[in-house]
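# Task: produce atomic coordinates for the following.
(one chain, ligands or ions: 1)
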Amino acid sequence: MSDLDQLRADLIPAIEQAPALDALESMRVSALGKQGSITALLKTLGGMTPEQRTSEGPRIHSLREAVTDAIAARKAVLEADALAAKLAAERVDLTLPADMPPPGGVHPVAQVMDELAEIFADMGFAVATGPEIEDDWHNFTALNIPETHPARAMHDTFYVDGPDGERRVLRTHTSPVQIRTMTSQKPPIRIIAPGRVYRSDSDATHTPMFHQIEGLVIDKGITLAHLKWTLETFLKAFFERDDIVLRLRPSYFPFTEPGVEVDVGFTWIKGKRVIGGDGNAADGGWMEVLGSGMVHARVLENCGLDPNEWQGFAFGTGVDRLAMLKYGMDDLRAFFDGDIRWLKHYGFGALDVPTLSGGVGA
Ligand code: PHE
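Modelled structure (predicted):
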């Protein structure tokens, strides 16, 4: 065997069995590098006679090619193995539970506001808002509650100083949004206004801040019948029951004429009041849920509307109270304590969608 054949017989099997990329690389350097065995052979070509070169040149070049090819082939195999090993080692198990922070939830008040917005949107109502720091005119005067009116004493108002030195109030109800809507857009109007309101009051059923939702409809030829239908449709959708019975009682609100308090019938079931059924039944009773009435002519006039042309109705109720009635909570203060256990129990998943037919999270 010639030197060349010997070298080939040594190199090729070694390359083909190179155990790893770094071993293969040192084989490449010792054969094809500057001081490599094949490089040395190539250098000898320069000192050969033309005849020798003609016979030896192709053999040396063919050996170099064979070695180069063998290295490339082995390298591809070793790289593929390395990649496969890496993929196996770094495999992600998608079935493992993710390491996530505890999920947040939707507060029952926010959830109920969403439910209300959805129910009223179906009836063509838009959502309106107003500031929580109100002026006297919007909160009282325009609503037909003048300075000296005894009705002002009905609200335990928080007062604050305005930047202009004028007194402001933390709105005591959402009714000022009625005024803001009627003075900023032309009828026909159909809005609801959910939001925070404030009264200096605190016990198991009163907190200094609570939530109301206002409704206002202004159009031509609106009557008490429209009011009754709207409230009945709303309460049926909200409580997800068809057997909702309403009782309308005459009442007094300075901004309505007539004013109407709305009771809903409930049934005693295992010592609990459950909304639904005729309140006059032997096992029934009535619960007040809403204040409402036809918008007072003077309120329309205060907003620049002619009461001979436009009529309407308004209603207002407590969102927290609606939530308590629907989801069976008994202490209003718990709504604002921020107790994580209460929130976990009564809160809603972020992806729970209020539905009108199936209830929450159906
Ligand atoms: N604003 C009244 C309250 O807070 C509720 C109400 C609204 C009554 C609209 C009639 C019409 O008690």
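# Show residues contacting stretch 125-142.
Contact with stretch 125-142 is made by 117, 120-121, 146-147, 149, 152, 157, 160, 162, 166-177, 179-181, 190-198, 215-216, 299, 302-303, as judged by C-beta atoms under 8 Å, 6 or more residues apart in numbering. The way it works is simple: take the backbone N, C-alpha and C, and place the C-beta from them, glycine included.
# In a helix, Leu24, correct?
Yes - Leu24: assigned to a helix according to DSSP: H, G, I helix; E, B strand; the rest coil.
# Look at it and say how many residues are nearby.
Neighbour count for Leu24, taken as other C-beta atoms under 10 Å: 20.
# Skip the chain neighbours and tell me the closest residue to it.
Closest residue in space to Leu24, ignoring its immediate chain neighbours: Ala18 at 3.9 Å, by C-beta to C-beta, 6 or more residues apart in numbering.
# And the pLDDT for the one you found?
Note for Ala18: predicted pLDDT of 93.
# still on that earlier bit, contacting the ligand as well, which ones from the contacts of stretch 125-142?
Among those, the residues that sit close to the ligand (C-beta under 6 Å from any ligand atom) are 173, 175.
# Count the residues that sit near the residue nearest to Leu24.
Residues lying near Ala18 (other C-beta under 10 Å) number 20.
# and if you look at Lys220?
If you count neighbours by other C-beta under 10 Å, Lys220 ends up with 10.
# need the contact list for it.
188, 309-311.
# So which of those belong to helices?
Of those, none are assigned to helices by DSSP state H.
# Can you list which of the residues you listed are found in strands?
Of the contacts of Lys220, the ones assigned to strands by DSSP state E are Gln311.
# what ranges of the stretch 101-250 of the chain fall below the confidence cut-off?
Judged by pLDDT under 70, the stretch 101-250 of the chain has its weakly predicted residues at 150-151, 153-155.
# Which stretches in it count as strands?
Using DSSP state E, counting those that start in this stretch, the strands of the stretch 101-250 of the chain run over 105-106, 126-127, 133-135, 159-161, 167-170, 189-198, 209-219, 246-251.
# The residue nearest to Leu24 falls within a helix, correct?
No - using three-state DSSP, the assignment for Ala18 is coil, not a helix.
# For it, list the residues it contacts.
With C-beta under 8 Å, 6+ apart, Ala18 has these contacts: 24, 27, 74, 78.
# now Pro250
For Pro250, the contact set (C-beta under 8 Å, 6+ apart) comprises 258-261.
# so Val289 touches Val260, yeah?
No - shown here, Val289 and Val260 do not form a contact pair, counting by C-beta atoms under 8 Å, at 11.9 Å.
# residue contacts, the residue of the stretch 51-200 of the chain found nearest the ligand?
Of all residues in the stretch 51-200 of the chain, the one sitting closest to the ligand is His173 (3.4 Å; C-beta to the nearest ligand atom). The contact partners of His173, by C-beta under 8 Å, 6+ apart, come to 139, 155, 197, 212, 214, 316.
# rerun that using 10 Å as the cut-off
His173 sits next to 134, 139-140, 143, 155, 195, 197-199, 212, 214, 253, 255, 291, 316 when contact means C-beta atoms under 10 Å, 6 or more residues apart in numbering.
# Can you pull the residues of the stretch 101-250 of the chain lying near the ligand?
When proximity is defined as C-beta under 6 Å from any ligand atom, the stretch 101-250 of the chain approaches the ligand at 173, 175, 214.
# Number of residues surrounding the second one?
When neighbours are counted by other C-beta under 10 Å, Ser175 registers 29.
# My guess is it contacts Gly291. True?
Yes - look at Ser175 against Gly291 with C-beta atoms under 10 Å: they come within range, at 9.4 Å.
# Which neighbours do the two have in common?
Both Ser175 and Gly291 are contacted by 212, 253, 256, 314, 316, under the criterion C-beta under 10 Å, 6+ apart.
# Number of residues surrounding the residue nearest to the first one when sequence neighbours are not counted?
So that's Gln212. Leaving out its chain neighbours, the residue that sits closest to Gln212 by C-beta to C-beta, 6+ apart is Thr174, at 4.4 Å. Neighbour count of Thr174, defined by other C-beta under 10 Å: 27.
# For the stretch 251-362 of the chain, which segments are assigned as strands?
Taking DSSP E, counting those that start in this stretch as the criterion, the stretch 251-362 of the chain carries its strands at 256-269, 272-275, 284-295, 311-318, 348-349.
# okay, the ones you listed in JSON lines with mean pLDDT next?
JSON lines is the format used below for these (pLDDT from 0 to 100):
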{"stretch": "strand 256-269", "mean pLDDT": "96"}
{"stretch": "strand 272-275", "mean pLDDT": "89"}
{"stretch": "strand 284-295", "mean pLDDT": "96"}
{"stretch": "strand 311-318", "mean pLDDT": "97"}
{"stretch": "strand 348-349", "mean pLDDT": "78"}
